[in-house]
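Peer 1: All I have is the shape, not the residue letters:
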């Protein structure tokens, strides 16, 4: 048990899939895992452990933003001896080169956040995926005949802003899309020597305002979920 996760020692698997939304974690547990056990629901953040094709896997929410995933991923890595976290989420595309439903495998996350520096003394505003999960995702996507695009993304602390256009940091690092969590996950994993990856589904095209509707999201996210689960079998 940790401060924010009420599971007992041994109730969290070595590999964790981490969506932002607690209800998305529940959906994954209900529809993709067998022998499922709810191991934590502190603050309404659900964590489940079950089996996928015989392998024990946990799924639990990160919440929204760098501070939230910073807390949950750190406690998973340090209090529950998790080796690998695969974040699965949605993002907004900065460019019309991307389309809704596209799958992205994050190679680098760029951020204005001071999290990595103040938490771990990691300098700079660009952090890579950590360990072997990134390559395993690419290999697994190939086996599943899924098109996935390795890319840089912008991890922002800001959802609403008065200035339109692509932020300077996203232009600097050629970031194709924006989300709110990967930078902290990668920073924690770098400091602790863990595996960390982020798979994203494009849900919005910012320049055109095109988006995946609420009714479409369940179907739209299925390829990403299955890719993460199939990748997890390799750990």
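Peer 2: Ah, there it is. Quick caveat: nothing in here was measured; it's all calculated off a predicted structure.
Peer 1: Quick check: closest non-adjacent residue to residue 167.
Peer 2: With sequence-adjacent residues excluded and distances taken as CB to CB, 6 or more residues apart in numbering, residue 167 is closest to residue 154, at 6.6 Å. (Each C-beta comes from the backbone N, C-alpha and C, glycine too.)
Peer 1: right, I mislabeled it, should have said residue 122
Peer 2: For residue 122, ignoring the flanking residues on the chain, the nearest one in space by CB to CB, 6+ apart is residue 116 at 3.9 Å.
Peer 1: Quick one: neighbours of that neighbour, just the number.
Peer 2: Using other CB atoms under 10 Å, the number of residues around residue 116 comes to 25.
Peer 1: now it, what's its secondary structure?
Peer 2: Under DSSP: H, G, I helix; E, B strand; the rest coil, residue 116 falls in the helix class.
Peer 1: and the gap between it and residue 66?
Peer 2: Applying CB to CB, to the nearest Å, the value for residue 116 to residue 66 is 9 Å.
Peer 1: which helices and strands sit right next to the worst-scoring helix or strand of the chain on mean pLDDT?
Peer 2: Least confident helix or strand of the chain, by mean pLDDT, DSSP states H and E, is helix 214-220 with a mean of 75. Packing partners of helix 214-220 (3 or more CB pairs under 8 Å, 6 or more residues apart in numbering; DSSP states H and E): strand 195-205.
Peer 1: so residue 26 touches residue 48, yeah?
Peer 2: Yes - using CB atoms under 8 Å as the test, residue 26 is close enough to residue 48 to be in contact (7.2 Å).
Peer 1: So which residue is smack in the middle of the chain?
Peer 2: Centroid-nearest residue in the chain: residue 87, 1.8 Å away (criterion: CA atoms, centre = their mean).
Peer 1: Grab the nearest non-local neighbour of residue 231.
Peer 2: Leaving aside its sequence neighbours, residue 231 sits nearest to residue 140 (CB to CB, 6+ apart; 4.5 Å).
Peer 1: Give me the neighbour count for the one you found.
Peer 2: Neighbour count for residue 140, taken as other CB under 10 Å: 20.
Peer 1: Would you agree it falls within a strand?
Peer 2: No - counting by three-state DSSP, residue 140 is not part of a strand but helix.
Peer 1: which residues sit in contact with it?
Peer 2: Counting by CB atoms under 8 Å, 6 or more residues apart in numbering, residue 140 touches 227, 230-231, 234.
Peer 1: Please report how far it lies from residue 45.
Peer 2: The spacing between residue 140 and residue 45, counted by CB to CB, is 27 Å.
Peer 1: Show me what the longest helix seen in the chain is packed against.
Peer 2: In the chain, taking DSSP state H as the definition, the longest helix is helix 66-79. Secondary-structure packing of helix 66-79 (3+ CB pairs under 8 Å, 6+ apart): strand 15-18, strand 84-93, helix 115-120, helix 182-192.
Peer 1: So residue 216 versus residue 129, what's the distance?
Peer 2: Taken as CB to CB, the span from residue 216 to residue 129 is 28 Å.
Peer 1: coming back round to it: looking only at neighbour counts, state which of residue 26 and residue 48 leads.
Peer 2: residue 48 (25 against 19).
Peer 1: Any stretches of the protein with poor pLDDT?
Peer 2: 1 (pLDDT under 70).
Peer 1: who's in contact with residue 191?
Peer 2: Counting by CB under 8 Å, 6+ apart, residue 191 touches 119-120, 122.
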